[in-house]
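> Below: sequence and its predicted model.
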Amino acid sequence: MLAPRENPMLFGHSEAEAAFTAAAASGRLHHAWLLTGAPGLGKATLAFRLARMLLTREGDANDPGNPVFRRIARGTHSDVLTIERATDLKTKKIKREITVDQVRDVAGFMHLTPAEGGWRVVVVDGLEDLNRNAANALLKILEEPPKAAVLLLTSDAPGRLLPTIRSRCRQLRMEALDEAQMDAALRYLLADMDAETRAGLIAVAEGAPGQAVAMADEGALVLAGLAREMIAAPRLSTLRAYDVADRVTRGEGGFETFMTLLQAAVAGAVRTAARRRDHVLGRTPLAEWGEVWHALGHLHDETERFNLDKRTAVVAGLQMLPKV
């Protein structure tokens, strides 16, 4: 799959793109834009698309043959800086957070004169990954924005950001793709996939093509069925919970996929009940199911963030599920 900076295609999100384009054309472009929405919607892809639009003076900004496109794709454009979680040189793993030193680089970069006489553009991918000091350093930049510089910030969880950071950004909320948009996206991103498997991914990916690609193996569809089974189970014994946990954590990435699918299954069941104007799902009020959805997300996040035992986390998640 192409990295966001290399991807010339964006599926959906025309309203968000149009809002930014109109602001740029008006000559009153806000200095900081916060792109929000669920994981896998294409927030980083849109951010680099907007960066190319600002920096391209001739030709199609989204043509891979365009010199600006090529330099941004290679990470060599002198007026673009990308900040994201870095790789630990010792462990070779992605770090858990964005550090204050990385954000300090932003301040220095934004105060330089644009090398090509246009804009300086900073893309910060994953704003919720900033540690406390990094968040405070970013806030200072937002409070004293330099001229001819734009911050394009992405976040899966804007509720976790400092309110003062959110208040200084113009927000572009990105929504889930519809079924037709998802089909078009997966035909492009997973060109060799058969129609049946593609349809199965669309059914479980909650309108997020990036999520679909991440789950694009036969095990993901099995885990999706298992997640739905857990939601519908009238009761779940501890023995069964551990059996499911063993199955889920056996493969690489199984925990991440299953917990995402379990949350999606809860959300889907609640939406179905709400459309029927039911106030309960099984014997449990929908509001309580909503609390379970939030708790599962917190459990998932904390397990990944602090490298906790994934098998134990799956069992804990399953035991949160109300009896239906």
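Done, it's in.

> Tell me if residue 316 really is in a strand.
No: note on residue 316: no strand contains this position according to DSSP: H, G, I helix; E, B strand; the rest coil, which reports helix.

> could you say which helix or strand contains the residue nearest to residue 19 when sequence neighbours are not counted?
Spatial nearest neighbour of residue 19, chain neighbours left out: residue 172 (6.3 Å); criterion: CB to CB, 6 or more residues apart in numbering. For every residue, glycine as well, the C-beta is placed using N, CA and C. Using DSSP states H and E, residue 172 falls within strand 170-173.

> What are the contacting residues of the very next helix or strand once past that strand?
Where DSSP H and E defines the elements, the next helix or strand beyond strand 170-173 is helix 179-189. The list of residues contacting helix 179-189 from outside it, by CB atoms under 8 Å, 6 or more residues apart in numbering, reads 1, 9, 11-12, 177, 193, 198, 201-202, 205, 207, 209, 212-213.

> Show me where the chain has its helices.
Taking DSSP state H to define them, one finds helices in the chain at 14-26, 43-55, 67-74, 100-110, 132-143, 163-167, 179-189, 195-204, 209-214, 218-232, 238-248, 254-275, 286-305, 310-320.

> Low-confidence regions, the protein specifically.
Filtered on pLDDT under 70, the chain yields the residue ranges 217-218, 324.

> Setting aside sequence neighbours, what's the nearest residue to the residue nearest the centre of it?
Centroid-nearest residue in the chain, with CA atoms, centre = their mean: residue 39, separated by 2.5 Å. Leaving aside its chain neighbours, residue 39 sits nearest to residue 156 (4.9 Å; criterion: CB to CB, 6+ apart).

> Surely that neighbour is in contact with residue 37?
Yes: between residue 156 and residue 37 there is a contact under CB atoms under 8 Å: 7.4 Å.

> Who has more neighbours out of the two?
residue 37 (22 against 17; other CB atoms under 10 Å).

> I figured the more buried one was touching residue 174, is that so?
Yes: using CB under 8 Å, residue 37 is in contact with residue 174, at 3.5 Å.

> Could you tell me which residues touch both of those two?
Counting by CB under 8 Å, 6+ apart, the contacts common to residue 37 and residue 174 are residue 43.

> Could you chop the protein up by domain?
Using automatic domain parsing, the domain ranges for the chain come out as 4-173, 217-320.

> measure the longest one end to end?
The one in question is domain 4-173. End-to-end distance of domain 4-173 (CA to CA, to the nearest Å): 18 Å.

> re the thing from before, for the strand holding residue 172, name the packing helices and strands.
Secondary-structure packing of strand 170-173 (3 or more CB pairs under 8 Å, 6 or more residues apart in numbering; DSSP states H and E): helix 14-26, strand 32-36.

> from those, which stretch is densest packed?
Most buried of these, by mean neighbour count (mean count of other CB atoms under 10 Å): strand 32-36, with a mean of 23.

> so what's residue 47 closest to, chain neighbours aside?
residue 152 (4.2 Å).

> residue contacts, residue 291?
With CB under 8 Å, 6+ apart, residue 291 has no contacts at all.

> Kindly apply the preceding question to residue 137 instead.
100, 103, 104, 106, 107.

> if we can go back for a sec, give me the common contacts of residue 156 and residue 37.
Shared contacts of residue 156 and residue 37, counting by CB under 8 Å, 6+ apart, come down to residue 43.

> who does residue 123 bridge with?
On the basis of DSSP bridges, residue 123 is bridged to residue 82, residue 152.
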